[in-house]
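[1] Below is the structure, and that's it, no one-letter string:
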C-alpha cells in the first residue's frame with residue numbers, strides 16, 4: 001500500500017517528456033549563431049570559379065562590406081535564392097559566391113541559367129572553406145565587414161522579405177562603421 005506512488009512515476013515521466021517535446025516545437029532550426037561572429041574570415045586560397053589559374057584569398061574581402069554566399073548547383077534552394085541575390089547585386093551589394101562541393105561545369109551552367117549575382121566566385125570542390133565557416137548545408141550567407149570580420153550569419157536561403165528586413169540593414173550598419 002505504501003508503494004502506490006510508484007505507479008505515478010511513468011505518468012510524471014511521460015508528462016515531462018511531453019512538455020520537453022512541446023517546447024521544442026517553438027524552436028527555429030535555422031536560428032543558430034555562428035561561432036565566427038566578430039571573428040576574422042578564415043584564411044583561404046581557392047581558385048576562381050571562372051578561371052582555375054586565378055587564386056582568390058581572404059584579401060579579396062578587404063576594403064568592402066561583402067555578402068559571402070555559400071551555394072551549389074546541386075542545391076534546389078539555391079535556385080530559389082538566386083532572384084534575391086540578383087536583386088541585392090542590382091542594389092549595389094558586393095557578393096562573393098562560394099561554389100560548395102560542386103563541379104565547375106555544373107556551377108557555370110547553373111549561373112548561366114539562373115543569373116550570376118557574384119562579383120567574385122571561388123570554387124570550393126572539397127568544401128574546405130565551407131567547413132572552416134561551419135556550414136552544414138547550402139545556402140548559407142555571411143556578411144563580412146571591410147576589415148574581413150564576419151558580422152552576420154544567415155542560415156538557409158535569403159527570402160524576398162529578408163532583403164529589406166535583415167540583409168540591407170546589416171550591410172548598412174557595417175558600411176557606416
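    Arrived safely, thanks for sending. Since we're looking at a predicted model, the values are computed, not measured.

[2] Which secondary structure element of this protein has the lowest mean pLDDT?
    In the chain, no helix or strand scores lower on mean pLDDT, DSSP states H and E than helix 9-24, which sits at a mean of 69.

[3] ok, the helix or strand following it: who's next to it in the sheet?
    Moving toward the C-terminus from helix 9-24, the first helix or strand encountered (DSSP states H and E) is strand 45-48. Neighbouring strands of strand 45-48 in its sheet, by DSSP bridges, are strand 55-57 (antiparallel), strand 120-124 (antiparallel).

[4] And the helices in this protein, which stretches?
    Per DSSP state H, the chain carries helices over the ranges 9-24, 76-90, 104-114, 128-133, 160-162, 168-175.

[5] between those helices, which one is nearest to residue 65?
    Distance to residue 65, taken as Cβ to Cβ, is lowest for helix 168-175 among these, at 4.9 Å. Where C-beta positions appear, they are placed from N, C-alpha and C, glycine not excepted.

[6] who touches stretch 92-101?
    49, 60-61, 64-74, 85, 88-89, 107, 117-127, 129-130, 133, 135, 138, 167-168, 171 (Cβ atoms under 8 Å, 6 or more residues apart in numbering).
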